[in-house]
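> Sequence first, then the predicted structure, then my questions.
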Amino acid sequence: MSGRQGYWQSVWREFKKNRLARAGLWVVLFLFLIAFMAPLIANNRPYIYVTDEKVFFPLFFEYPEFKDIDFRSERVPGFKLFPPVPYSYSEYDLDSIVSPPSLRHLMGTDEQGRDLAARMIYGARVSILVGFIAVFMYVLIGIIIGALAGYYGGWIDMLISRFIEIVICFPTFFLILTILALVGPSLTSVMVVIGLTGWTGIARIVRGEFFKIREMEFVQASRALGARDSHIIIRHVLPNALAPVLVSATFGIASTILIESSLSFLGFGVQPPTPSWGDILSQSRDFMDFAWWLTLIPGFAIFITITAYNLVGEGFQDAINPRSFRGNT
Amino acid sequence: MSGNHTPSTQAAVPPERGKAESPILSVRNLRIEFESTGATVFAVRGVSFDLRKGKTLGMVGESGCGKSVTAYSVLRLIQPPGKITGGEINYRGADILRMNPEDVRAIRGREIAMIFQEPMISLNPVFTIGFQISEAVMLRHGKDKKESRGIAVEMLTRVGIPDAEKRYRSYPHELSGGMRQRVMIAIALAASPSILIADEPTTALDVTIQAQILDLLMNIQRERDMSMLLITHDLGIVANTADDIAIMYAGEIVESGTVSQIFNAPMHPYTIGLFEAIPRIGESARRLRTIPGMVPSLTSEPQGCVFYPRCFRRADECRENPIPLVEKNSHLVRCVRA
């Protein structure tokens, strides 16, 4: 390490050397972009609609005169510029039910005539939302619980560690299923339930890191300077414990997306009409023998997303560990 | 500043005075125990010493003799399984061991500061050194960011860090060990403490840097009329820097007095052994001289003299009763045969 740079800068430099991790990061960013821009990519209203007298922007503004009008219809005259996928995720095209990918429907349609491309694009939102919010929740819980156990040790650690072990004993997926069966499935409850059950791994990592770091001399030094416990924990111990937590969180996002997909596949996840990749996959079961696109496309999307997050996590893990430096790749 | 200790440093120390002046820190009968699986280690047993205002007390002893835990206990920094089980630590008329934790926290850093053995790991690796010094300043003086920054740069310059403005933005891994120890000193001195506890401040540094750091500590000490408790295993260091010496062995002080008393007329067989173990230039010894035997395990309270098994002067009487620390030849020694 040379030159003036902080820890995270050198981590980033190491990360960039890893080609697979870089590719994974691009995929993740691409998914973010799609999720963020979903209404701009898949929409049944045009960006611009020009009639003889006026220019309208139906996608961005509501016009009372166009209420319930299908802009795609031949009966609406004028110049129209549509998004790449001119369908909303919940509208039915009854002329083409379970139709394979074509110019009209780039990824085909499902059994209700809904455009698969539009549904996949909106499904990316669910994946990212669930992945990030649930993981953010459990990372926060895990850090607090792990920090208490690791910093104070003794009987506090005893209690917390036993509690963690009890929570770990439950098979997480069935625990989530059970709770969802009780509170009712919805996007919010999926996030909250995963958030409340997933923290054990993070808590253990944080606890271990705190045990290690609190013995370091700079913690003693800070205590000798008269710093409060809260100050020591937040300023000195936590920043040094964060790297492995972030690595674990990256892997956590991947597994959370998978859990969400599985829950939706079983019908306990996101409820229709909100599209979710797991739900699309689940619906495809009945047509699997001929409608390959309904199975392959969401399955592939899930696979690519999980792989991308895992590659990022792995690259990150290598980058924070100076011993695993591989030199120049 | 040079690494060259001239005899004039010694001459600057005023000659012997009566003990009339009351010490700034006075430790009495300090006892520290460590609870390990199934056994209690009596790490420090009845240690008493005084730290005079503006003076340096060198506490010398080998690894595990209890000198560092004694130092830590002054700020109540002993962590479980260690425990202070008795004694008094009087600072400005109050017993630190009987204060509530908030009052102890107020003393830490502000009144009594500490620097540590390993400058490599005494700084938080994720923050710049400037941030860490300003933090110490803010923590103690309640100054705002800008003022703290100014004080921090001033401190860095004072401890001899060249180009302090630039170094302010450096991370600890970009500095050498000597530089980091200077930064630690700057942090410790940020609040102008009246006592500095230095726990083997130069052990991890090479010899030339050692001399520079000790010089720096002595200069600052003289400037500020600060008292210093210097923990070391190196008699050479105390000879040059300390005014008083306390020799520790196996959790007890076995001999204490002024530097000249101890160096001119060591009385305890352990102290004598330590002096003999120092290799001398011009002496053609094929082997370094050592003290035979091992430091005893302290899992039980020793009956008589702790040094008995290794002593060249031992007699049966040494084994019977605990040996008191008594004044002989005008300084204190814990030996019946001295």
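Yes, it's here.

> Can you show me the strands along the chain?
Picked chain A for this. Using DSSP state E, the strands of chain A run over A:48-50, A:55-56, A:79-81.

> Chain B was what I was after
Per DSSP E, chain B carries strands over the ranges B:25-36, B:39-51, B:56-60, B:82-91, B:94-95, B:112-115, B:195-199, B:227-232, B:244-249, B:252-258, B:326-328, B:331-333.

> Pipe those into a markdown table and attach mean pLDDT per row.
Formatted as a markdown table, those follow (pLDDT from 0 to 100):
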| stretch | mean pLDDT |
| --- | --- |
| strand B:25-36 | 89 |
| strand B:39-51 | 88 |
| strand B:56-60 | 92 |
| strand B:82-91 | 89 |
| strand B:94-95 | 88 |
| strand B:112-115 | 89 |
| strand B:195-199 | 91 |
| strand B:227-232 | 92 |
| strand B:244-249 | 91 |
| strand B:252-258 | 89 |
| strand B:326-328 | 82 |
| strand B:331-333 | 86 |
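
> got those strands as JSON lines, with mean neighbour count and distance to chain A columns?
Any C-beta I mention is one placed from the backbone N, CA and C, and that applies to glycine too. As requested, the strands of chain B are exported to JSON lines (neighbours: other C-beta atoms under 10 Å in any protein chain shown; distance: least, C-beta to the nearest C-beta, whole Å):
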{"stretch": "strand B:25-36", "mean neighbour count": "18", "distance to chain A": "12"}
{"stretch": "strand B:39-51", "mean neighbour count": "20", "distance to chain A": "17"}
{"stretch": "strand B:56-60", "mean neighbour count": "26", "distance to chain A": "17"}
{"stretch": "strand B:82-91", "mean neighbour count": "17", "distance to chain A": "13"}
{"stretch": "strand B:94-95", "mean neighbour count": "12", "distance to chain A": "16"}
{"stretch": "strand B:112-115", "mean neighbour count": "27", "distance to chain A": "4"}
{"stretch": "strand B:195-199", "mean neighbour count": "25", "distance to chain A": "8"}
{"stretch": "strand B:227-232", "mean neighbour count": "24", "distance to chain A": "13"}
{"stretch": "strand B:244-249", "mean neighbour count": "26", "distance to chain A": "21"}
{"stretch": "strand B:252-258", "mean neighbour count": "25", "distance to chain A": "23"}
{"stretch": "strand B:326-328", "mean neighbour count": "12", "distance to chain A": "34"}
{"stretch": "strand B:331-333", "mean neighbour count": "22", "distance to chain A": "29"}
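
> before we move on, the earlier item: out of the strands of chain A, indicate the one that is most buried.
Mean neighbour count (mean count of other C-beta atoms under 10 Å in any protein chain shown) peaks for strand A:48-50 among the strands of chain A, with a mean of 17.

> what lines up beside it in the sheet?
The pairing partners recorded for strand A:48-50 under DSSP bridges are strand A:55-56 (antiparallel), strand A:79-81 (antiparallel).

> For that strand, give the mean pLDDT please.
Across strand A:48-50, pLDDT averages out at 83.

> The chain: helices as residue ranges?
All of this is about chain A. Here chain A has its helices, by DSSP state H, at A:7-17, A:19-36, A:38-41, A:116-152, A:154-169, A:172-183, A:187-197, A:200-214, A:217-224, A:229-231, A:238-265, A:277-283, A:292-320.

> try chain B instead
Under the criterion DSSP H, helices of chain B are mapped to B:7-11, B:67-74, B:101-107, B:129-141, B:145-158, B:164-167, B:177-189, B:207-224, B:235-241, B:259-264, B:269-277, B:317-320.

> could I get those helices as JSON lines with mean neighbour count?
Below are these laid out as JSON lines (neighbours: other C-beta atoms under 10 Å in any protein chain shown):
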{"stretch": "helix B:7-11", "mean neighbour count": "10"}
{"stretch": "helix B:67-74", "mean neighbour count": "24"}
{"stretch": "helix B:101-107", "mean neighbour count": "14"}
{"stretch": "helix B:129-141", "mean neighbour count": "23"}
{"stretch": "helix B:145-158", "mean neighbour count": "18"}
{"stretch": "helix B:164-167", "mean neighbour count": "16"}
{"stretch": "helix B:177-189", "mean neighbour count": "25"}
{"stretch": "helix B:207-224", "mean neighbour count": "17"}
{"stretch": "helix B:235-241", "mean neighbour count": "19"}
{"stretch": "helix B:259-264", "mean neighbour count": "18"}
{"stretch": "helix B:269-277", "mean neighbour count": "19"}
{"stretch": "helix B:317-320", "mean neighbour count": "14"}
